[in-house]
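Peer 1: sequence unknown, structure follows:
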């Protein structure tokens, strides 16, 4: 029976069956080049947009320091700086070159053909993290939770800022000229020792005991009856710390540290150096024309008023120097052996940063 014509017209014709995939058909070279350029342009746009998003996010986020440090007391607790104004002075001193820290990291990763990580914290928060560790004494695990970054990131930032601040603060002149010392000398020193240039003393920090017997012997301090590292500190009569030596093992004598520290090269003939009892360096100083002043010791007779003033003045500055560095709570416990490579830098940084607190009133041990 024949099919009606109307029905045959409505029946769709089936598509021809492909017997094989046509892999032999290639796009023209022009289309391939155009597609590659388009892909590259899109990649650049993605990177640019991601960077803009990151910058907007950081811009909208306040630095973490503003969350923790609201009052001057907060700044004092977390950073050992007396106020926001004082820590701003430090930040303005170190910020100009701080961006190089980021460039250095990116250069290192570029050399390893690795993509640069996105910065998760503002630069000032990196400094704040360092101060949290050094001044407040918070452990890296705690900092990891507070700043929401990994412990390894915390460790890397602490090491970078230790090296950076040591270079920056160490390049600033701290040794006071004779004229500067004279201009800022308190009356009690001007009265009893007018040519006094610096008060020096050695202070020690307890550290972990190494497994090596020879290293134990080198670091053991008979004074502390423990393994320690020790360094020489110089304080101007006005209370400013003007000299910090590197750290030595606890068995090294005060006299030997003074020789190695190069302090003698800074002194001038006619200067006076004040030390505490037991610091037997008179011969060493006399060779460079410097006079040694030792406060009188009370024996059978009562000290005179002049001798009492001398003793009180040196005792106060001696305590000030040691107290200032040990206000930084990173020194509360034993220094771990893992910090050996950076401990001298941290030691110097603490003293150098303490000068940002201002000089001290010798009578009351208060910043002036």
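Peer 2: Thanks, I have the structure now. The model shown is predicted, which means the values in this text are computed figures rather than measured ones.
Peer 1: Show the backbone phi and psi for the closest residue to residue 74 other than its chain neighbours.
Peer 2: The spatial neighbour of residue 74 that comes closest, neighbours along the chain excluded (Cβ to Cβ, 6 or more residues apart in numbering), is residue 68 at 6.4 Å. C-beta: built from backbone N, CA, C; applies to glycine. With angles defined as degrees, to the nearest 10, residue 68 sits at phi -90, psi -40.
Peer 1: Residue 179 in helix, strand or coil?
Peer 2: helix (DSSP: H, G, I helix; E, B strand; the rest coil).
Peer 1: Neighbours of it, how many?
Peer 2: Residues lying near residue 179 (other Cβ atoms under 10 Å) number 8.
Peer 1: How far off centre is the helix or strand where residue 66 lies?
Peer 2: Element membership for residue 66, per DSSP states H and E: helix 65-68. Distance, stretch centre to chain centre, for helix 65-68: 19 Å (Cα atoms, centre = their mean, to the nearest Å).
Peer 1: could you give the mean pLDDT of the helix or strand hosting residue 348?
Peer 2: Under the criterion of DSSP H and E, residue 348 resides in helix 343-354. Here helix 343-354 scores 90 as its mean pLDDT.
Peer 1: Next, the buried residues of it.
Peer 2: Of all the residues in helix 343-354, those buried under the rule 16 or more other Cβ atoms under 10 Å are 343, 344, 345, 346, 347, 348, 349, 350, 351, 352, 353, 354.
Peer 1: Then stretch 328-341?
Peer 2: Buried residues in stretch 328-341 (16+ other Cβ under 10 Å): 328, 330, 331, 335, 339.
Peer 1: export these to CSV and tack on pLDDT and distance to residue 228?
Peer 2: Shown next, in CSV, are the buried residues of stretch 328-341 (pLDDT from 0 to 100; distance: Cβ to Cβ, whole Å):
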residue, pLDDT, distance to residue 228
328, 88, 17
330, 90, 15
331, 89, 11
335, 88, 9
339, 85, 14
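Peer 1: which pair in these spans the largest distance?
Peer 2: 328 and 339 (13.2 Å; Cβ to Cβ).
Peer 1: where do the strands sit along this protein?
Peer 2: In the chain, the segments counted as strands under DSSP state E are 196-206, 220-221, 226-235, 241-244, 248-249, 272-274, 291-293, 360-361, 366-367.
Peer 1: just so I know, which of these lies nearest residue 186?
Peer 2: strand 360-361 (8.9 Å).
Peer 1: Output the below-cut-off pLDDT ranges for the chain.
Peer 2: 1-29, 54-63, 99-120, 296-303, 306-307, 309-310, 313-322, 324, 358-368 (pLDDT under 70).
Peer 1: tell me the contacts of the residue nearest the centre of it?
Peer 2: With distances taken as Cα atoms, centre = their mean, residue 162 lies nearest the centre of the chain, 3.7 Å away. Residue 162 sits next to 130, 342, 345, 346, 349 when contact means Cβ atoms under 8 Å, 6 or more residues apart in numbering.
Peer 1: rewinding a little: give me whichever of the strands of the chain is most buried.
Peer 2: Among these, the stretch with the highest mean neighbour count (mean count of other Cβ atoms under 10 Å) is strand 272-274, at a mean of 24.
Peer 1: Return the list of strands paired to that strand, each annotated with direction.
Peer 2: Strand 272-274 sits in its sheet next to strand 196-206 (parallel), strand 291-293 (parallel), going by DSSP bridges.
Peer 1: Could you tell me which residues within the helix holding residue 66 count as buried?
Peer 2: 65, 68.
Peer 1: Start the count at 589 instead of 1 going forward.
Peer 2: I'll keep to 589 as the first residue from here, and by that count the last item is helix 653-656.
Peer 1: ok, residues contacting it?
Peer 2: In contact with helix 653-656 (Cβ under 8 Å, 6+ apart) are residues 662, 666, 712, 713, 716.
Peer 1: Number of residues surrounding the first one?
Peer 2: Just to be clear, that refers to residue 662. Residue 662, neighbours per other Cβ under 10 Å, totals 15.
Peer 1: Equivalent analysis for the third one, please.
Peer 2: Using other Cβ under 10 Å, the number of residues around residue 712 comes to 17.
Peer 1: wait, isn't it in contact with residue 678?
Peer 2: No: assessed by Cβ atoms under 8 Å, residue 712 is found out of contact with residue 678, at 10.7 Å.
Peer 1: one step back: would you turn the buried residues of stretch 916-929 into CSV with distance to residue 726?
Peer 2: Converted to CSV, the buried residues of stretch 916-929 look like this (distance: Cβ to Cβ, whole Å):
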residue, distance to residue 726
916, 12
918, 9
919, 14
923, 16
927, 15
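Peer 1: who's in contact with the closest residue in space to residue 798 that isn't next to it in sequence?
Peer 2: Leaving aside its chain neighbours, residue 798 sits nearest to residue 804 (5.8 Å; criterion: Cβ to Cβ, 6+ apart). The contact partners of residue 804, taken as Cβ under 8 Å, 6+ apart, are 797, 798, 815.
Peer 1: If you count neighbours, what's buried in the biggest helix by length in the chain?
Peer 2: Ranked by residue count under DSSP state H, the longest helix found in the chain is helix 617-648. By 16+ other Cβ under 10 Å, helix 617-648 has no buried positions at all.
Peer 1: One more: stretch 658-675?
Peer 2: 663, 664, 666, 667, 668, 669, 670, 671, 672, 674, 675.
Peer 1: Out of the residues you listed, the closest to residue 726 would be?
Peer 2: residue 666 (8.8 Å).
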